[in-house]
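**Q** quick check, what structure comes out for this input:
(2 chains)
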Amino acid sequence: MEKTTLFDKIWDAHVVKSVPAGPDVFFIDKHFIHEVTSPVAFLNLEKRGIGVKNPSRTVATPDHNVPTVDQDKTIKDKLSRMQVERLRENCAKYGIELHDLGSAHHGIVHVIGPELGITQPGMTIVCGDSHTSTHGAFGAIAFGIGTSEVEMVLATQCIMQSKAKKMRITIDGVAGPGVTSKDLILYVIAQISAAGATGYFVEYAGSAIQSLSMEARMTVCNMSIEMGARGGLIAPDETTFEYLKGKEYAPKGEDWDKAVAHWKTLKTDEGAVFDKEYHFDAADIEPMITYGTNPGMGIKVKGNIPTTEGMEGSNKSSYLKSLAYMGFEPGEAIEGKKVDFVFVGSCTNGRIEDIRSVASYVKGHKKADNITAWIVPGSREVEKMAHEEGLVKILEEAGFELRQPGCSACLAMNDDKIPSGKYAVSTSNRNFEGRQGPGARTMLASPLTVAAVAIAGEICDPREVFQN
Amino acid sequence: MAYDKFTVLTSTAVPLPTDNVDTDQIIPARFLKATEREGFGDNLFRDWRYDVEGNPKKDFVLNDPTYSGKILVSGRNFGSGSSREHAVWALYDYGFRCVVSSFFADIFKNNCLNIGVLPVTVSPEFADKLLETITANPETTITVDIPSQKITLDSTGESESFDINEYKKDNMQNGFDDIDYLLSMSDEIDAFAANK
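**A** Next up, the predicted model:
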């Protein structure tokens, strides 16, 4: 029998038809929508005079553009309010399940999907958002799509999609203390570059990946897109089943047993061939931070910003443009740089483990005077747990400001913007120019590093902050 | 939705020799608040094009009247980042029908083909050649020919062939989109879903 990869197994099971010399007609099990990339899709359905084919396969929540204060009140920003209202109207009209602002399951779409057990192994999952790759942590094929494709899924439950090439990234070994899954993925992206996996779907494997919790795996898969990959996935195992068991939308009773039996078959055959393979040793990885304007521009916190040696042409000019934006010089150390803001949140690191990690670090300490510290839970459920576990109290005593769930300062569509020229160390996923507000300078790091920076007021190694 | 047919395009071109042009630069998130697909061209490259007061930045190529055209030639890894189709809507709305680069991000490329903007991938050497030539001679035209899958620098006749699958090629030339095709397959999709 042909040896196949996990990606092949799930992909091939969802191909309705292969178009000769063209893409596959690809069936979608679960479709998530939010207020920003769906309105035009619904509008086009109306123009064509067609409806939603299978509303039960779509789940909605407003997240990108919602305020993170006063969520119980009318949204002040007119355009944001219109987008959220349009989402409500569309969901009501077509019978789509909506986890609205203020409801018990509201949150960032990539946080609530897993949290509710909607995301399951073997599924195909899409959403008009590139960080849909997050759901791959469960052994699902999950990726971001454009609004035309949102319309396709609503209308037909399928999209036209060419199968990506296959890449495996294996991380073996044991990471040192203070090294988190965010550091693993920032390290990988720095090694293979922000475009290094373009055209590929990535499977993450190896003992350092298998030992991660589900939430930590989600952080890894979430950032697959930041190296250009269509998505990333991890074979489901006992950690996955344990996480899903008892979740609201997970199968129950006999159905559960059947599902687990199937999920256990979802793995890459020994000897299956990938188009490209990378191997890394977790022991080589240290706490990481980005210094430039794409997520591939990462170094260890203890490292120096690369010099321009060996660079030429548009490569060099783009690099210098990026450093000029950040206000950094080639060759200098990043440690000790003053910081103005820290942001803990987003679909990358806005889950309860992330908040626990920050709280346990800052407990009994105060943020530095020069720091404004925002903490934005990924969902209402995360927010609730943070209160119940006493984390909110710890964080507030340390000087952090807790906000309500949403994408918030990760992309700064709402009022949560970093002012121009200011430095923010963020647990989010993109350090593009202006990502966190026009002129804002973003450095990406783990929740642990962000916690350490909040206390120290400058870039520092989380392994050293409290040593003295 | 359906778009204008695209077979052969001859046009002057705009050079943007920057690598890793991400979708947040093409259209920043704060301009994604519309509920209709209109007016996105006004905010194309917003923060490179205008200062905080909204005044045009003189050194940005879209503000330089020397350069114009329906083709944008850019650096490597164009369109990385977010899946926002608004980035392509902004390019289309501004007047671009073709983007040339030595390397495109995946989702961006799909989004382009879905709304009728042609992404043309050329070799890094040819991309450099195009950038140099159009920067030095803004009158130079480039011809992009879908039926023969060829891009030509008209002043010198130098050309390269480019990839596009037959299905998308047909769509672009006829202004079809994928939904037309998928709707025609409704029965097959239903049969497939019933067995799941």
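**Q** hey, let's count contacts and neighbours off CA atoms from now on
**A** Will do.
**Q** contacting residues around whatever residue of the stretch 201-350 of chain A ends up closest to chain B?
**A** Nearest to chain B in the stretch 201-350 of chain A, going by CA to the nearest CA, is residue A:318, at a distance of 5.8 Å. Counting by CA atoms under 8 Å, 6 or more residues apart in numbering or on different chains, residue A:318 makes contact with B:18-19.
**Q** equivalent analysis for residue A:317, please.
**A** residue B:18.
**Q** re earlier: next, give phi and psi for the residue of the stretch 201-350 of chain A closest to chain B.
**A** For residue A:318, the backbone dihedrals (degrees, to the nearest 10) come out as phi -70, psi -40.
**Q** quick check: pLDDT value at it.
**A** Looking at residue A:318, its pLDDT reads 92.
**Q** cool, and residue A:467?
**A** Note on residue A:467: pLDDT of 55.
**Q** check residue B:35 too.
**A** As predicted, residue B:35 sits at a pLDDT of 88.
**Q** burial measure for the nearest residue to residue B:153 once chain neighbours are set aside, as a count.
**A** Once flanking residues are discounted, residue B:153 sits nearest to residue B:142: 4.8 Å by CA to CA, 6 or more residues apart in numbering or on different chains. By the criterion of other CA atoms under 10 Å in any protein chain shown, residue B:142 has 23 neighbours.
**Q** how about residue A:35?
**A** Neighbours around residue A:35, by other CA under 10 Å: 25.
**Q** now do the one 10 residues further on
**A** As a burial measure, residue A:45 scores 17 neighbours (other CA under 10 Å).
**Q** report the buried residues of the lengthiest helix in chain A.
**A** If you go by DSSP state H, chain A has its longest helix at helix A:78-94. Buried residues in helix A:78-94, counted by 16 or more other CA atoms under 10 Å in any protein chain shown: A:79-84, A:86-88, A:90-91, A:94.
**Q** that one close to chain B?
**A** Yes. Helix A:78-94 reaches chain B (CA under 8 Å from any CA of the partner chain) through A:79-80, A:82-83, A:86.
**Q** just to revisit the earlier point, pretty sure the residue nearest to residue B:153 sits in a helix.
**A** No. Assigned with DSSP: H, G, I helix; E, B strand; the rest coil, residue B:142 falls outside any helix and is strand.
**Q** my read: it touches residue B:12, true?
**A** Yes. The pair residue B:142 / residue B:12 is scored as a contact, 6.1 Å apart, by CA atoms under 8 Å.
**Q** show me what contacts residue A:134?
**A** A:110, A:142, A:218-223, A:232, A:347-348.
**Q** excluding sequence neighbours, find me the nearest residue to it.
**A** Nearest residue to residue A:134, sequence neighbours excluded (CA to CA, 6+ apart): residue A:222, at 3.9 Å.
**Q** and the lowest-mean-pLDDT helix or strand in chain A, what's buried?
**A** In chain A, no helix or strand scores lower on mean pLDDT, DSSP states H and E than helix A:313-326, which sits at a mean of 93. The neighbour-count check on helix A:313-326 (16+ other CA under 10 Å) flags A:315-320, A:322-323, A:325-326 as buried.
**Q** which elements pack onto the longest strand anywhere in chain B?
**A** As assigned by DSSP state E, the longest strand anywhere in chain B is strand B:8-16. Contacts defined by 3 or more CA pairs under 8 Å, 6 or more residues apart in numbering or on different chains; DSSP states H and E place strand B:8-16 against strand B:71-74, helix B:124-136, strand B:141-145.
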